[in-house]
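1. What follows is a predicted structure for the sequence shown.
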Amino acid sequence: MSDYGDVYEKQFVRNLRRYISLKKRIRRRAERILADPYFNTESLDDESGELNLTGCRSARVDRNFRIIFVICEECRLVPECEFCFCEDLPDKTVVFLTVGPHDRAYSMK
């Protein structure tokens, strides 16, 4: 059982439907993230393409697929985080922003 709550943004849900063949793998990876969001995930501290993803984290689903998310307790400490949706959420909340192939995920599509 996880100590972290979860919130799924519209883009994540939309993409989960789009990549139906990977749905089980994505769900299992999301469950592992909720169990320990800092384990085996990457902090995105630089500008990736056109977006500044500082404050976000990335987790591999497979070689080319990524989940992009924020952890509210960490996100609040990064004033330049553009994807913080944590204002009314507890610190121990993971907000799943998007999922998809590497390039699409990092461009937040």
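-> Now that the structure is in, tell me what you want to look at.

2. Just the element for the residue nearest the centre of the chain, please.
-> Nearest to the geometric centre of the chain sits Phe69, at 1.7 Å (Cα atoms, centre = their mean). Taking DSSP states H and E as the definition, Phe69 sits inside strand 65-71.

3. strand partners of that strand, parallel vs antiparallel please.
-> The strands beside strand 65-71 in its sheet (DSSP bridges) come out as strand 56-60 (antiparallel), strand 93-101 (antiparallel).

4. May I ask which helix or strand of the protein has the lowest mean pLDDT?
-> Least confident helix or strand of the chain, by mean pLDDT, DSSP states H and E, is strand 47-48 with a mean of 54.

5. tilt between the lengthiest helix in the chain and strand 56-60?
-> In terms of residue count, the longest helix belonging to the chain (DSSP state H) is helix 23-35. For helix 23-35 against strand 56-60, the angle by axes from the mean of the first three to the mean of the last three Cα atoms, to 10 degrees is 130 degrees.

6. Kindly format the C-alpha coordinates of stretch 87-96 as CSV.
-> Presented in CSV, the C-alpha positions along stretch 87-96 are these (Å, rounded to 0.1, in the frame of the first residue of the first chain):
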residue,chain,number,x,y,z
GLU,A,87,-2.0,24.1,-4.5
ASP,A,88,-4.9,22.2,-2.9
LEU,A,89,-3.3,18.8,-2.7
PRO,A,90,-1.4,17.1,0.2
ASP,A,91,2.4,16.9,0.1
LYS,A,92,2.3,13.2,-0.4
THR,A,93,0.5,13.4,-3.8
VAL,A,94,1.8,12.3,-7.2
VAL,A,95,0.3,14.2,-10.2
PHE,A,96,0.6,12.1,-13.4
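
7. avg pLDDT for it?
-> The pLDDT scores in stretch 87-96 average 91.

8. cool, and stretch 30-41?
-> For stretch 30-41, mean pLDDT rounds to 96.

9. If anything else comes up later, I'll come back, but that's it for now.
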